[in-house]
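Student: Just to be clear, the model below is a prediction. Sequence and coordinates:
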Amino acid sequence: NSTLVIAEHNNAQLTPITLNTITAAAKLGGDIACLVAGSKCASVVEELTKVGGVQKILVAENEVFNGFLPEAITPLILETQKQFNFSHIAAGATAFGKSLLPRVAAKLDVNPISDIIDIKDADTFVRTIYAGNAICTVKSKDGVKVFTVRGTAFPAAEAAGGQAACEQAPAVDVKNDQSTFEGQSLSKSDRPELTSAKTVISGGRGMKNGENFELLYKLADKLNAAVGASRAAVDAGFVPNDMQVGQTGKIVAPELYIAVGISGAIQHLAGMKDSKVIVAINKDPEAPIFQVADHGLVADLFKVVPEMTEILEK
Amino acid sequence: MANLRILVGVKRVIDYAVKIRVKPDNSGVVTDGVKHSMNPFCEIAMEEAVRLKEKKLAKEIIAVSCGPTQAQETIRTALAMGADRGIHVEVSGKDYENMTPLHVSKILAKLAQEQEANLVILGKQSIDGDNNQTGQMTAALLDWPQATFASEVTKENEHLKVVREIDGGLETVTVTLPAVITADLRLNEPRYATLPNIMKAKKKKIAKHKASDFGVDLGSSVEVVSVEDPPVRQAGQKVESTEELVAKLKESGVI
């Protein structure tokens, strides 16, 4: 076996899910190569050389990779595959990986496998269907297995003991006159990123408005936590969509998940039920969230959250 | 300039409000006697196509569904929402169970060419398989650009400006036409079909085809080994006060 991991980065830093993907690749046995496509991305390559378990780093620097558009990166991956004939091609199951790898798989005429949560053997993968309400094991007979990895299902590979050799990725004359990257607006925050935070505090409809999320931010700062939201809170316009935890939002599995004013619709539970410890704070004792919570507190969140912040300040 | 001919994929899935049940033999999920409806993301795709037509940017909308006879109900819903005609690619029994997004993409790519469509709009994923692949693969097979997870689509001359939902925020790309778009949740709020439109939809045409009409072999390289219930999480204890809650969390070492 040999696996090509498509590194996700912003030319300055590696996206953490790449490290989870490397752990998944290591489970397959065999060599691991990472492909870094970008422009002026030397610091990303440098970061990857420190990661244990990676044998080779293939680097392709070109302005055409600006915005990391699938129309530009796909031909590079195809050429790389042609030269090295990997048995597996993997990326993180993020907006980047989910956009890119199916395009690559279709070009290779194979069935991609999305958002895997476990690897049984080199051909057999486990993934969730119906928003996590069923677990499906699939076996692929394709010559090359193309899959995306759910970050929360695999620990991050350690950024230590790396001995990877760097080389140029195969030369390919990439033109992309089909798509252009115009820009991004990312929510800026000093708090940890939602999908990799050790603690996540999420607010639901019970928060009543966007201003009240300030209570959660204060508590989050005490716990070094990320702040998320239920779909109900996003749909009500309290907070932006990228804070959404759930089936159609982000899947999180932190050490501690605190659900505040969230009833616990199936769609929300799908996004957080693999958290290690779940706390629910809700004034409705019948809220379904209590059925999955390790510690439930039936009380008014507007009293409990400031109290918690205060206790932690002492 | 009403020059778009839009192909919209509509999938029939178990209704989003139904609590699914895994079959006792672990071969799949119980679908018999269960309420089905159009995949919510396909509804959003359909709505977007109708809005483009209402803005006089599109001349025709074709709704396509691959699936058993009942898929025609889903096409009827699309016609009632505003599609001009439907195409039903009948796939049933074992073939339907084995059908993968790659098969669907091959059919859609062929259809886009045959129907001379210059825009394909699909949902970003179906809520049964959760694969999130068909749009990207259809674009690949056609060698068209793809704008996935769209939350805003604007037509500017001969290209589309698309705002996409990405991790941590939004991103804007422009793609040339022809193109494939996949719809994310916030693109629009789909309309309900009105009774007069449901009646009108009954008169619209649905063409019937087989996968073999498009040269697509339904043999599959992936096999479902098992479908199981997820591990059940046990409810824990109720605590009485904030102090007790903080104490418990400290005890378990998470804070």
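Tutor: Looks like it arrived, so ask away.
Student: Which strands or helices does the helix or strand bottoming out on mean pLDDT in chain A pack on?
Tutor: Taking mean pLDDT, DSSP states H and E as the measure, chain A has helix A:266-272 as its least confident helix or strand, at a mean of 90. Under the contact criterion of 3 or more Cβ pairs under 8 Å, 6 or more residues apart in numbering or on different chains; DSSP states H and E, helix A:266-272 touches strand A:256-260. To be clear about C-beta, it is placed using only N, CA and C from the backbone, and glycine gets the same treatment.
Student: and the strand it packs on, does that touch chain B?
Tutor: Yes. Applying Cβ under 8 Å from any Cβ of the partner chain, one finds strand A:256-260 in contact with chain B at A:Leu256.
Student: Where does pLDDT dip in the stretch 201-314 of chain A?
Tutor: Within the stretch 201-314 of chain A, not a single segment meets pLDDT under 70.
Student: Please repeat the previous calculation with a cut-off of 80.
Tutor: The stretch 201-314 of chain A contains residues with pLDDT under 80 at A:247-248.
Student: which helix in chain A runs the most residues?
Tutor: Counting by DSSP state H, the longest helix found in chain A is helix A:70-84.
Student: Run through who's touching that helix.
Tutor: Helix A:70-84 has contacts (Cβ atoms under 8 Å, 6 or more residues apart in numbering or on different chains) with A:2, A:4, A:6, A:33, A:35, A:37, A:58, A:60, A:64-65, A:89, A:99-100, A:103-104, A:107-108, A:144, A:169-172, A:174, A:176, A:178-179, B:136, B:140, B:145-146.
Student: mind saving the C-alpha coords of it as PDB?
Tutor: Extracted in PDB, the C-alpha atoms of helix A:70-84 (Å, rounded to 0.1, in the frame of the first residue of the first chain):
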ATOM      1  CA  PRO A  70     -10.600  21.900  -7.700                       C
ATOM      2  CA  GLU A  71     -10.400  22.700 -11.400                       C
ATOM      3  CA  ALA A  72      -6.700  23.500 -11.000                       C
ATOM      4  CA  ILE A  73      -5.700  20.900  -8.400                       C
ATOM      5  CA  THR A  74      -7.400  17.900 -10.000                       C
ATOM      6  CA  PRO A  75      -5.000  17.700 -13.100                       C
ATOM      7  CA  LEU A  76      -2.000  17.900 -10.700                       C
ATOM      8  CA  ILE A  77      -3.300  15.000  -8.600                       C
ATOM      9  CA  LEU A  78      -4.100  12.900 -11.800                       C
ATOM     10  CA  GLU A  79      -0.600  13.400 -13.000                       C
ATOM     11  CA  THR A  80       0.900  12.600  -9.600                       C
ATOM     12  CA  GLN A  81      -1.200   9.400  -9.500                       C
ATOM     13  CA  LYS A  82      -0.100   8.500 -13.000                       C
ATOM     14  CA  GLN A  83       3.500   8.700 -12.000                       C
ATOM     15  CA  PHE A  84       3.400   7.000  -8.500                       C
END
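Student: The least confident helix or strand of chain A: what's the following helix or strand?
Tutor: Using DSSP states H and E, the helix or strand that follows helix A:266-272 towards the C-terminus is strand A:277-282.
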